[in-house]
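[1] Structural data only, the sequence is not supplied:
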């Protein structure tokens with residue numbers, strides 16, 4: 001999965017993913033301001049989103065219209081943001097927009113309820129864990145990989161070692177070790 005919808009997905013990630021036959025999802029924020037994203041990297045425009053949607057191995061998902069943190073929004077504003085984003089992406093791609101990645105990873109029970117009510121099939125967080133059978137489909141975990149991660153750390157994350165270490169740490173903290 002790739003959040004924010006940066007143009008470098010097309011030039012850097014997509015060729016590698018296609019060569020290895022790896023499917024992907026790109027979560028876009030149609031009206032995101034650079035100040036909300038925290039950088040000035042260029043974003044995919046409607047034409048690029050439409051072209052990506054034609055790729056059989058690429059799923060276009062929503063990341064909020066403006067990339068604002070949902071937990072800081074009023075419920076009516078959040079509901080409007082969710083429905084507008086879904087409608088905008090569907091109009092651009094001529095395909096259903098089924099998935100949402102919560103902007104800045106922020107979600108709670110209200111956010112997941114409104115996500116479900118807006119017609120999304122699942123919601124993705126930035127919580128670092130593997131997805132397991134029985135995981136909440138509106139709080140799907142992901143493994144974050146960025147340019148600063150070492151191969152050793154990557155391997156720990158995708159094999160579940162980090163999940164087990166986190167469980168041990170939480171038990172240790174709970175029982176005062």
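    Structure received. This structure is a prediction, so every number in the text was calculated from the model and none was measured.
[2] Neighbours of the nearest residue to residue 23 once chain neighbours are set aside, how many?
    Once flanking residues are discounted, residue 23 sits nearest to residue 57: 4.4 Å by C-beta to C-beta, 6 or more residues apart in numbering. C-beta: built from backbone N, CA, C; applies to glycine. By the criterion of other C-beta atoms under 10 Å, residue 57 has 12 neighbours.
[3] who's in contact with residue 57?
    Residue 57 is in contact with 17-18, 21-24, counting by C-beta atoms under 8 Å, 6 or more residues apart in numbering.
[4] List of residues touching the top strand by length along the chain?
    Taking DSSP state E as the criterion, the chain has its longest strand at strand 122-128. With contact meaning C-beta under 8 Å, 6+ apart, strand 122-128 is reached by 1, 27, 61, 98-102, 104-105, 107, 111-112, 115, 137-144, 157, 162.
[5] Just the buried residues from these, in PyMOL please.
    The following PyMOL selection, which keeps only the buried ones among the contacts of strand 122-128, applies the criterion 16 or more other C-beta atoms under 10 Å:
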select buried, resi 1+27+61+98+99+100+101+102+104+105+107+111+112+115+138+139+140+141+142+143+157+162
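[6] which ones among the contacts of strand 122-128 are found in strands?
    Among the contacts of strand 122-128, the ones falling in strands (DSSP E) are 27, 61, 99-101, 140-142.
[7] Any chance of a markdown table for those residues, columns distance to residue 73 and pLDDT?
    Listed next are the ones in strands among the contacts of strand 122-128 as a markdown table, based on distance: C-beta to C-beta, whole Å; pLDDT from 0 to 100:
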| residue | distance to residue 73 | pLDDT |
| --- | --- | --- |
| 27 | 18 | 96 |
| 61 | 19 | 97 |
| 99 | 20 | 98 |
| 100 | 14 | 97 |
| 101 | 16 | 96 |
| 140 | 21 | 86 |
| 141 | 23 | 82 |
| 142 | 22 | 82 |
